[in-house]
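>>> no FASTA, just this:
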């Protein structure tokens with residue numbers, strides 16, 4: 001099932017966001033804060049859908065951090081919970097300049 005950005009935005013409050021241990025470590029390493037993740041979801045767009053992800057469907061969102069840096073957030077959804085899988089600042093070696101298109105063989 002494809003996720004809808006408007007539905008994700010309705011759920012996007014800190015009490016609904018579940019952060020895996022893996023995601024928490026990555027956020028800390030990359031100096032990305034929960035407020036950046038929330039900003040990305042609230043101002044971003046879904047650029048890839050992963051409807052068959054386990055245990056819940058997920059998607060890749062391109063948006064902006066609170067410091068206006070491009071940010072990718074992978075988020076899963078089940079009922080009212082959002083599961084933060086990872087977040088990172090996209091790089092030109094893996095993404096085209098629009099940060100929406102993956103480079104071939106990257």
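Everything's here; your move. This is a predicted model, so every value here is computed, not measured. Numbers count the residues shown, from 1 in each chain.
>>> all contacts plus neighbour counts: C-alpha atoms, from now on.
OK.
>>> check contacts around the residue nearest the centre of the chain.
By Cα atoms, centre = their mean, the chain has its centre lying nearest to residue 73, at 1.5 Å. Going by Cα atoms under 8 Å, 6 or more residues apart in numbering, residue 73 touches 37, 40-41, 60-62, 84-88.
>>> what about 7 Å?
Residue 73 makes contact with 37, 60-62, 86-88, according to Cα atoms under 7 Å, 6 or more residues apart in numbering.
>>> neighbour-wise, which of the residues you listed leads?
residue 37 (27 neighbours; other Cα atoms under 10 Å).
>>> part of a strand, is that residue?
No - per DSSP: H, G, I helix; E, B strand; the rest coil, residue 37 lies outside any strand segment and is helix.
>>> for it, what are its contacts?
By Cα under 7 Å, 6+ apart, the contact set of residue 37 is 65, 73.
>>> ok, back up a step: adding distance to residue 16, write the contacts of residue 73 out as JSON lines.
What follows is the contacts of residue 73, written out as JSON lines (distance: Cα to Cα, whole Å):
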{"residue": "37", "distance to residue 16": "13"}
{"residue": "60", "distance to residue 16": "18"}
{"residue": "61", "distance to residue 16": "17"}
{"residue": "62", "distance to residue 16": "20"}
{"residue": "86", "distance to residue 16": "16"}
{"residue": "87", "distance to residue 16": "17"}
{"residue": "88", "distance to residue 16": "20"}
